[in-house]
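S.K.: let's see this in three dimensions:
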Amino acid sequence: MLAATGIGYAVFSSSIILNGESSAGTLTLEITNLLVQSGPNYVSITDISPPLPSGGNVNFIVGPFAPGDNVVIAYTVLNAGSLPATSLTTVGPSIINKPGCDTIFGISSVGTTPLSLGAGDSFTSTIGIELHSGIGNQFEGCTATVTFSITGSVGS
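M.R.: Below is the predicted model:
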């Protein structure tokens, strides 16, 4: 009947197309600062590699030490990623005295690590290293390697 009277009938349709991207966030812990917090004024930190700020392994030299010196090193960790970190833990520290140096260096103190760290947030902690007192000249020039790591998981 509609065709006979000349009245038409139309169906309208519409569509929308969305083009977008998805990206995963990141959790990136970086060391942004190293300094001698306390100890004799002749002790310094040198040869930081790679340059700060740096994620991953950071190597540096601290010294010179004299018998009985206790040096506290402060370091700052930044969550440079876009996701919060939870379950932060410090593994270590451990100290390995070079051959012939026995156990003349030791860990004297370890600062705290927070349990969580928001994206863009940072914390500062410390580690103390000592050269035992009463050691003789045969230990001049001795070195040790101190190792520790900070790990975290992605959390909310």
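S.K.: where does pLDDT dip in this protein?
M.R.: Scanning the chain for pLDDT under 70 picks out the ranges 1-13, 155-156.
S.K.: so which residues of it form strands?
M.R.: Secondary structure of the chain (DSSP state E): strands located at 29-38, 44-49, 54-55, 59-63, 70-79, 85-97, 105-110, 116-117, 122-131, 144-154.
S.K.: could you redo those as JSON lines and give each row distance to Asn19?
M.R.: Glycine gets a C-beta too; all of them are placed from N, C-alpha and C. Conversion of the strands of the chain to JSON lines gives the following (distance: least, CB to CB, whole Å):
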{"stretch": "strand 29-38", "distance to Asn19": "34"}
{"stretch": "strand 44-49", "distance to Asn19": "44"}
{"stretch": "strand 54-55", "distance to Asn19": "33"}
{"stretch": "strand 59-63", "distance to Asn19": "45"}
{"stretch": "strand 70-79", "distance to Asn19": "31"}
{"stretch": "strand 85-97", "distance to Asn19": "32"}
{"stretch": "strand 105-110", "distance to Asn19": "51"}
{"stretch": "strand 116-117", "distance to Asn19": "35"}
{"stretch": "strand 122-131", "distance to Asn19": "37"}
{"stretch": "strand 144-154", "distance to Asn19": "28"}
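S.K.: for those, which one sits closest to Ser23?
M.R.: Ser23 lies closest to strand 144-154 among those, at 14.3 Å (CB to CB).
S.K.: which helices and strands does that closest one pack with?
M.R.: Where contact means 3 or more CB pairs under 8 Å, 6 or more residues apart in numbering; DSSP states H and E, strand 144-154 is packed against strand 85-97, strand 105-110, strand 122-131.
S.K.: what about 7 Å?
M.R.: Judged by 3 or more CB pairs under 7 Å, 6 or more residues apart in numbering; DSSP states H and E, the packing partners of strand 144-154 are strand 85-97.
S.K.: adjacent strands (with direction) for the strand it packs on?
M.R.: Applying DSSP bridges to the sheet, strand 85-97 is found paired with strand 116-117 (antiparallel), strand 144-154 (antiparallel).
S.K.: check what contacts that strand and list those residues.
M.R.: With contacts defined as CB atoms under 7 Å, 6 or more residues apart in numbering, strand 85-97 is touched by 27, 29, 79, 103-107, 110, 113-117, 127, 144-155.
S.K.: buried deepest among the strands paired with strand 85-97, which one?
M.R.: strand 116-117 (a mean of 20; mean count of other CB atoms under 10 Å).
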